[in-house]
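Engineer: Task: produce atomic coordinates for the following.
(chains A and B)
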There are 2 protein chains.
Amino acid sequence: MKIVESVPNFSEGRRQEVVEAIVDEARAVEKVWVLDYSSDPDHNRSVVTIAGDPEAVIKALFNMSKKAQELIDLRKHRGEHPRMGAVDVIPLVPIMGVTKEECVELSKELGKKIGEELEIPVYLYEYSASSKERENLSEIRKGEFEGFHEKIKLPQWKPDFGPDEVHPTAGVVAVGCREFLIAFNVNLGTDNIEIAKKIAKSVRHISGGFRYVKALGFKLEERGIVQVSMNLTNYKKTPIHRVFEIIKLEAERYGVPIVGSEIVGMVPMKALFDVADFYLRLENYDPDSVIEKKLLDAISREVDQ
Amino acid sequence: MKIVESVPNFSEGRRQEVVEAIVDEARAVEKVWVLDYSSDPDHNRSVVTIAGDPEAVIKALFNMSKKAQELIDLRKHRGEHPRMGAVDVIPLVPIMGVTKEECVELSKELGKKIGEELEIPVYLYEYSASSKERENLSEIRKGEFEGFHEKIKLPQWKPDFGPDEVHPTAGVVAVGCREFLIAFNVNLGTDNIEIAKKIAKSVRHISGGFRYVKALGFKLEERGIVQVSMNLTNYKKTPIHRVFEIIKLEAERYGVPIVGSEIVGMVPMKALFDVADFYLRLENYDPDSVIEKKLLDAISREVDQ
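Structural biologist: Numbers count the residues shown, from 1 in each chain, chains lettered A, B, ... in the order given. Okay, the predicted model is just below:
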């Protein structure tokens, strides 16, 4: 079976009935499973995780976007998180039996449909981006909903799909295929924030570290320790264990121990198996030898029939 | 969804049509999935891995045993592997949503049915054993098919179910609930077999090592190295990484490096996650945060409906 995951973000995190109405649209589509959803009232934003058959996921995302357009008015939206649309961003992630290329095609199919039928301007981002400047979501979102009425007039910010004008209540949306993003934090046995910041610098791409790591140093006030907080944007090319081992080495240089680590939110099976593979020095590593993976394949073949 | 796995062993590894006929019996049962099967002509033995709904798995195992009884005549069976029955042993392993106790009940249900309807003497083993002496499969199997005509007359070897006489062509069978068994081997960068033997001794239960480890030292002739070959009989209580780290330490003591390791056959997701958990020092480890696990839960809930 082919499985695509999506984590659409909606600009509503306070009115629970609106969030439920949006999630219900995904629940109503066959071969789509709602894996998780959560709302942040301060951000006034909700994140939904769905997965399933690629075409069914596209259908669910379109219906969820339509519902968000109906129920959310960005002119009245206030929240801490930057946003530009009622449905703000729709990432598509290939999970099983789907190539990056197929996933990019799916994002274009969805973008076209949202642009034409909902009349919301669509920007393709990450792997789906039509130009280098559009790869990065935060570059697209700069100026937010309020600023987009001007930004959209600039030739370099002509939408990939849909009208050349911001939708009056639903704004604009970014749609794109990307890798699974892992939120990985490492906790250090010190209250010296400078050490966390230095170590974050040593692993993050922007300051010379690993290609697919974003990192910051934070204080965990209540525990009296510091944390290197990271997003791993491509665990296939920059695996968890490699980042972890460098952090361990750098921490040793300051005489600081690693007291623990955490993975926030979901993680693909393979990301953790790669860790086991590395430390156990496995010679015959085959992710398909995992019984739950075999079972998932077998059951989903049946669902396909 | 509740999932039980079973790995029944059949005393036929040469006539492929017989093996297929047996496997077909599992394929024919709804909510049972055949995950793997393989035959060894030297051992003249086949191992089938099935998993699925507990009652459906019991049904499949009964039908497979009946087919084996029809097609295999142990009086004519020759092979290197010790055996006592056409269907030789039926282990049941709880995988998901099933307790050890429920699994033991299932094994008794199956044993009773095989004993009464197929008239094959049944010995419950491992967690299902009716006495200490019957926990160990090799203790039960001692004497094999040929010797069992006498052994079965001893009061301490009265079968748990079925007649008090060996079935003339199908012999006797062991049925029981056990933990998932992981075959884990560690390869050492030396050709000195004594070192592999000493390290095997240091980790195995029988000579003072870990409670759930069986281990032997072997030569890998073609690679010119040696191997510590193990069965981990309860990875929940004796996890892979703990055994691996002790082997690494013991090898260091002889100045020998670990050049690799291997997991032979299937492995439960959690066994590998526990490894990642240990090395990454995870604080918030939740196996349910794995996306494929969430998906399996979601899909199987649907299959249940």
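Engineer: Low-confidence stretches in chain A?
Structural biologist: A:303-305 (pLDDT under 70).
Engineer: Next up, phi/psi of the spatially most central residue of it, please.
Structural biologist: For chain A, the residue sitting closest to the mean C-alpha position, by C-alpha atoms, centre = their mean, is A:Leu181 at 5.5 Å. Phi and psi for A:Leu181, reported as degrees, to the nearest 10, are phi -100, psi 120.
Engineer: Specify the residue ranges that define each domain of chain A.
Structural biologist: A:3-177, A:182-267 (automatic domain parsing).
Engineer: what about the longest one, near chain B?
Structural biologist: The one in question is domain A:3-177. Yes. Between domain A:3-177 and chain B, judged by C-beta under 8 Å from any C-beta of the partner chain, the touching residues are A:Ile3, A:Glu5, A:Trp33, A:Val34, A:Leu35, A:Asp36, A:Ala51, A:Ile95, A:Met96. All C-beta spots, glycine's among them, are computed from the backbone N, C-alpha and C.
Engineer: among these, which ones are buried?
Structural biologist: A:Ile3, A:Glu5, A:Trp33, A:Val34, A:Leu35, A:Ala51, A:Ile95, A:Met96 (16 or more other C-beta atoms under 10 Å in any protein chain shown).
Engineer: Could you identify the pair within the residues you listed that is furthest apart?
Structural biologist: In those, two members sit farther apart than any others by C-beta to C-beta. They are A:Val34 and A:Met96, at 17.5 Å.
Engineer: Do a quick rundown of the strands in chain A.
Structural biologist: Using DSSP state E, the strands assigned to chain A run over residues A:3-6, A:9-10, A:32-40, A:45-52, A:87-96, A:122-124, A:173-177, A:182-188, A:213-220, A:225-232, A:258-264.
Engineer: Using CSV, list the CA coordinates for the third one.
Structural biologist: Listed next in CSV are the C-alpha coordinates belonging to strand A:32-40 (Å, rounded to 0.1, in the frame of the first residue of the first chain):
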residue,chain,number,x,y,z
VAL,A,32,-7.6,8.2,5.5
TRP,A,33,-6.7,7.9,9.2
VAL,A,34,-6.5,10.8,11.6
LEU,A,35,-3.4,10.0,13.7
ASP,A,36,-3.3,13.0,15.9
TYR,A,37,-4.5,16.6,16.3
SER,A,38,-3.8,19.3,18.9
SER,A,39,-4.6,23.0,19.3
ASP,A,40,-2.6,25.8,20.9
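Engineer: tell me what it is packed against?
Structural biologist: helix A:16-27, strand A:45-52, helix A:54-71, helix B:291-304 (3 or more C-beta pairs under 8 Å, 6 or more residues apart in numbering or on different chains; DSSP states H and E).
Engineer: A:Glu222: neighbour count?
Structural biologist: 6 (other C-beta atoms under 10 Å in any protein chain shown).
Engineer: which non-adjacent residue is nearest A:Glu179?
Structural biologist: A:Asn234 (4.5 Å; C-beta to C-beta, 6 or more residues apart in numbering or on different chains).
Engineer: For the one residue in the stretch 101-250 of chain A that gets nearest to chain B, which non-adjacent residue is spatially closest?
Structural biologist: Nearest residue of the stretch 101-250 of chain A to chain B: A:Phe244, at 5.7 Å (C-beta to the nearest C-beta). Spatially, and ignoring its direct neighbours in sequence, A:Phe244 is nearest to B:Leu280 (5.7 Å; C-beta to C-beta, 6+ apart).
Engineer: Check A:Ile182 too.
Structural biologist: Nearest non-adjacent residue to A:Ile182 (C-beta to C-beta, 6+ apart): A:Leu232, at 4.3 Å.
Engineer: ditto for A:Gly162
Structural biologist: The shortest distance from A:Gly162 to any non-neighbouring residue, by C-beta to C-beta, 6+ apart, is to A:Gly115 (2.8 Å).
Engineer: CA atoms only for stretch A:118-135 - export them in PDB, please.
Structural biologist: Extracted as PDB, the C-alpha positions of stretch A:118-135 are listed here (Å, rounded to 0.1, in the frame of the first residue of the first chain):
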ATOM      1  CA  LEU A 118     -11.500  27.600  -3.500                       C
ATOM      2  CA  GLU A 119      -9.900  30.700  -5.200                       C
ATOM      3  CA  ILE A 120      -7.100  30.800  -2.600                       C
ATOM      4  CA  PRO A 121      -3.600  31.700  -3.900                       C
ATOM      5  CA  VAL A 122      -1.200  28.700  -3.500                       C
ATOM      6  CA  TYR A 123       2.600  28.700  -3.100                       C
ATOM      7  CA  LEU A 124       4.400  25.500  -3.700                       C
ATOM      8  CA  TYR A 125       7.300  25.000  -1.200                       C
ATOM      9  CA  GLU A 126      10.200  22.700  -0.200                       C
ATOM     10  CA  TYR A 127      10.600  19.900  -2.800                       C
ATOM     11  CA  SER A 128       7.600  21.200  -4.700                       C
ATOM     12  CA  ALA A 129       8.900  24.800  -5.000                       C
ATOM     13  CA  SER A 130       8.900  26.400  -8.400                       C
ATOM     14  CA  SER A 131      12.000  28.500  -7.500                       C
ATOM     15  CA  LYS A 132      14.800  28.600  -5.000                       C
ATOM     16  CA  GLU A 133      13.300  31.500  -3.000                       C
ATOM     17  CA  ARG A 134      10.100  29.500  -2.400                       C
ATOM     18  CA  GLU A 135      11.700  26.400  -0.900                       C
END
